[in-house]
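Chemist: kindly return the folded structure for what I paste below:
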Amino acid sequence: MKLIRAIVRPEREEPVIRSLETAGIVSLTKMDVLGRGQQRGIQVGPSSYDEIPKVQLMIVVEDSQVDPAVRAIESGARTGRHGDGKIFVSPVDAAYTIRTSELPPSTTSA
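Modeler: Okay, here's the model as predicted:
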């Protein structure tokens, strides 16, 4: 299993979620975050903003779903301008269901 963390523009949140749903991925966690990329924020007239509002989506998928999920996020988030976001993929060692205290069969314990 893999954890996908995608940081995208707030106005691209809905297109990303729709794209993920089309790819068959419906479970996710969403957080509002602040951050900046290599451009170090933005300048609007005399005002400088070091941290820009973004949305972080966290998605856990089976290994076979990583490529379709990444493609779905990219297609929903891409505007072609600086600040479109980043996608990070990390391994998941275990995932427990709180309600039942069970380790799902597709997960391996470390």
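
Chemist: buried residues in the helix ranked longest in the chain?
Modeler: For the chain, the helix with the greatest residue count under DSSP state H is helix 66-77. Within helix 66-77, the residues scored as buried using 16 or more other C-beta atoms under 10 Å are Pro68, Ala69, Val70, Ala72, Ile73, Glu74, Gly76, Ala77. Glycine gets a C-beta too; all of them are placed from N, C-alpha and C.

Chemist: equivalent analysis for stretch 28-36, please.
Modeler: Buried residues in stretch 28-36, defined by neighbour count with 16+ other C-beta under 10 Å: Leu28.

Chemist: export the buried residues of helix 66-77 to CSV and tack on pLDDT and distance to Glu14?
Modeler: Listed next are the buried residues of helix 66-77 as CSV, based on pLDDT from 0 to 100; distance: C-beta to C-beta, whole Å:
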residue, pLDDT, distance to Glu14
Pro68, 97, 19
Ala69, 98, 17
Val70, 98, 18
Ala72, 98, 13
Ile73, 98, 13
Glu74, 97, 15
Gly76, 97, 8
Ala77, 97, 11
